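Asks: no FASTA, just this:
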């Protein structure tokens, strides 16, 4: 199980980084609305990881599937947040100020709030998508075998 969620977590992070760098290359990285595609990237990776885990095991349990999906997204979030921290603090220090200026805040804007926002969005996206995908992929109790689980 560790092998599945670590592999897919790294793949998601690499695709997120590549997407960000592609936006940077096109000059579109200044528009936060384009980060909505991050949800699609997270969703595809988490869904593939849960499906892979379900295909490998004979007895698919909800808890284990949830663990695979959420930890997959968690690993991707940590790696992407580390990359964005390095990018914001070392490579392009004006990027964070430009993003925060577009938020129209009237107080001292630290770049740490942007890093915290990236981490919170990644974890919440992972949680919500994992819960949604587990509803699709869990075993149904509406089958003759499943009826034995009712009272």
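Replies: Looks like it arrived, so ask away. Bear in mind that the values here come from a model prediction, so they are computed numbers and not experimental data.

Asks: buried residues in the lowest-mean-pLDDT helix or strand in the chain?
Replies: The helix or strand of the chain with the poorest confidence is helix 93-102; it has a mean of 74 (mean pLDDT, DSSP states H and E). Buried residues in helix 93-102, counting neighbours by 16 or more other CB atoms under 10 Å, are found at 95, 96, 99, 100. For glycine as for every other residue, the C-beta is placed from the backbone atoms N, C-alpha and C.

Asks: let me see the mean pLDDT of stretch 130-144.
Replies: Per-residue pLDDT values across stretch 130-144 average out to 80.

Asks: contacts for stretch 120-128?
Replies: 35, 38-39, 42, 46, 69-70, 72-74, 76-77, 80-81 (CB atoms under 8 Å, 6 or more residues apart in numbering).

Asks: quick one, the helix or strand harbouring residue 20 and helix 93-102 angle?
Replies: According to DSSP states H and E, residue 20 maps onto helix 2-26. If you take axes from the mean of the first three to the mean of the last three CA atoms, to 10 degrees, helix 2-26 sits at 80 degrees to helix 93-102.

Asks: for the following helix or strand past helix 2-26, which helices and strands make contact with it?
Replies: Tracing the chain past helix 2-26, the next element assigned as helix or strand by DSSP H and E is helix 37-56. Applying 3 or more CB pairs under 8 Å, 6 or more residues apart in numbering; DSSP states H and E, we find helix 37-56 packed against helix 2-26, helix 62-86, helix 112-137.
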